[in-house]
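J.: What follows is a predicted structure for the sequence shown.
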Amino acid sequence: AQSVAQPEDQVNVAEGNPLTVKCTYSVSGNPYLFWYVQYPNRGLQFLLKYITGDNLVKGSYGFEAEFNKSQTSFHLKKPSALVSDSALYFCAVRGPLSGGYNKLIFGAGTRLAVHP
Amino acid sequence: DTEVTQTPKHLVMGMTNKKSLKCEQHMGHRAMYWYKQKAKKPPELMFVYSYEKLSINESVPSRFSPECPNSSLLNLHLHALQPEDSALYLCASSQPLQGATEAFFGQGTRLTVV
């Protein structure tokens, strides 16, 4: 079964430092992986996705993610964190086709707190 | 325009009320979704519409009734809800359903059932 795991409930980073939010996946077949961010009382915003090709994917707001097939990981990264990056981050994977639809399977979420 | 618009932003309703949540997108997406999200949890899929037809119902209670009047609009009709139905309800849309397409989410409706 397709699944993603976000092993950290919360990540704390000082402003200006690099940040990493971890995600590991388990899929059969080719993984389609996504990162979304959610600010308080808001919907999810799409950050980036991996389909195929270059293992380093660049996304919105300076975020990037590194796809590692051998480690089955898709960690989200940013070279220099901003206080405004503080939010809830979800990793997701497309599940198997069912009813004509690849269900989006979300991880539990990681809360990122960037301190001044 | 990559916007999905949901109304209202907040809704308080009694357990005997009937209300509707509305969602609109003008990106030409032919797949639209309703999700339910409890605090500090990931979104849970409720319904999927593909080309205005209901494709997926994730065993949602009948007190939730979705409707897709056209390719741009999605409604969620609510009737006789329970306090445990209080949550953030998210609408999303995407290109046709398979594979690598990302979904775009609205800001959600914060529903409180009293």
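T.: Right, received. Where do you want to start?
J.: How far off centre is the helix or strand containing residue A:20?
T.: Under the criterion of DSSP states H and E, residue A:20 resides in strand A:19-21. Between the centre of strand A:19-21 and the centre of its chain there are 9 Å (Cα atoms, centre = their mean, to the nearest Å).
J.: Restricting to C-alpha, output the helix or strand hosting residue A:13 in PDB.
T.: Residue A:13 belongs to strand A:10-14 when assigned by DSSP H and E. Below are the C-alpha coordinates for strand A:10-14, written out as PDB (Å, rounded to 0.1, in the frame of the first residue of the first chain):
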ATOM      1  CA  GLN A  10       7.700  19.600  15.000                       C
ATOM      2  CA  VAL A  11      10.900  21.100  13.700                       C
ATOM      3  CA  ASN A  12      12.500  24.200  15.300                       C
ATOM      4  CA  VAL A  13      14.900  26.300  13.300                       C
ATOM      5  CA  ALA A  14      16.500  29.700  13.900                       C
END
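J.: name the helices or strands packed onto that strand?
T.: Packing partners of strand A:10-14 (3 or more Cβ pairs under 8 Å, 6 or more residues apart in numbering or on different chains; DSSP states H and E): strand A:19-21, strand A:110-115. Yep, even glycine has a C-beta here, placed from its N, CA and C like the rest.
J.: What residues of the longest one count as buried?
T.: By that I understand strand A:110-115. With burial defined by 16 or more other Cβ atoms under 10 Å in any protein chain shown, the residues of strand A:110-115 counted as buried are A:110-112, A:114.
J.: Tell me how far the residue nearest to the spatial centre of chain B lies from residue A:85.
T.: By Cα atoms, centre = their mean, chain B has its centre lying nearest to residue B:34, at 2.8 Å. Residue B:34 is 28 Å from residue A:85, where distance means Cβ to Cβ, to the nearest Å.
J.: Which strands border the helix or strand of chain A with the lowest mean pLDDT, and is each parallel or antiparallel?
T.: Across the helices and strands of chain A, mean pLDDT, DSSP states H and E gives its lowest value to strand A:101-106, namely a mean of 82. Applying DSSP bridges to the sheet, strand A:101-106 is found paired with strand A:87-98 (antiparallel).
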